[in-house]
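In: give me a model of this one.
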Amino acid sequence: GAPFATERTMAAARDFLEEIVLVPDADAVRELLWVLQNGRVLLEPAASCTVAAALARKDSFKPGDRVALVLCGSNVALEDIESWRQQFGL
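Out: Sure thing, here's the model as predicted:
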């Protein structure tokens with residue numbers, strides 16, 4: 001990933017985002033594993049963190065709400081996944 005955000009990126013975030021949700025790395029990896037096992041889609045933690053963030057805010061969704069998550073990226077090796085599983089005890 002990028003080591004920092006550009007001014008343009010930060011300006012867009014301020015203009016268009018309602019909230020930024022921080023999730024622990026372990027949660028991102030946990031959801032990466034869940035999506036892989038249940039959806040057969042391999043994600044990067046940068047993408048699976050959107051699932052973790054949505055789950056962290058699930059109580060704010062009302063029945064009938066539609067929630068869209070962008071799940072992209074597969075620049076990850078199976079060895080990385082195993083390493084993260086061990087690192088976070090998953």
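In: okay, buried residues for the longest helix along the chain please.
Out: Secondary structure assigned by DSSP state H gives helix 25-39 as the longest helix of the chain. Neighbour counts using 16 or more other C-beta atoms under 10 Å place 27-36 of helix 25-39 among the buried residues. Where C-beta positions appear, they are placed from N, C-alpha and C, glycine not excepted.
In: in the protein, which segments are predicted with low confidence?
Out: 1-2 (pLDDT under 70).
In: quick one, helices of it?
Out: For the chain, the helices defined by DSSP H occupy 7-16, 25-39, 45-56, 78-88.
In: redo those as JSON lines? Include distance to Asp65.
Out: Supplementary listing: these in JSON lines, determined by distance: least, C-beta to C-beta, whole Å:
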{"stretch": "helix 7-16", "distance to Asp65": "19"}
{"stretch": "helix 25-39", "distance to Asp65": "19"}
{"stretch": "helix 45-56", "distance to Asp65": "11"}
{"stretch": "helix 78-88", "distance to Asp65": "30"}
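In: and of the ones you listed, who's closest to Cys72?
Out: With C-beta to C-beta, the closest approach to Cys72 among these belongs to helix 45-56: 5.4 Å.
In: look up how far Ala77 lies from the residue nearest the centre of the chain.
Out: Computing the C-alpha centroid of the chain and ranking residues by C-alpha atoms, centre = their mean puts Cys49 first, at 1.4 Å. Using C-beta to C-beta, to the nearest Å, one obtains 18 Å as the distance from Cys49 to Ala77.
In: kindly report the same for Asp25.
Out: With the distance defined as C-beta to C-beta, Asp25 ends up 17 Å from Ala77.
In: again with Ala52
Out: Look at Ala52 and Ala77: by C-beta to C-beta, they are 21 Å apart.
In: compare those two (neighbour count), which wins?
Out: Ala52 (23 against 9; other C-beta atoms under 10 Å).
In: next, the angle helix 45-56 makes with the longest helix of the chain.
Out: Counting by axes from the mean of the first three to the mean of the last three C-alpha atoms, to 10 degrees, helix 25-39 points 90 degrees away from the direction of helix 45-56.
In: residues touching helix 25-39, excluding its own?
Out: Identification of contacts with helix 25-39 by C-beta atoms under 8 Å, 6 or more residues apart in numbering yields 41-49, 51-52, 55-56, 71, 81, 84-85, 87-88, 90.
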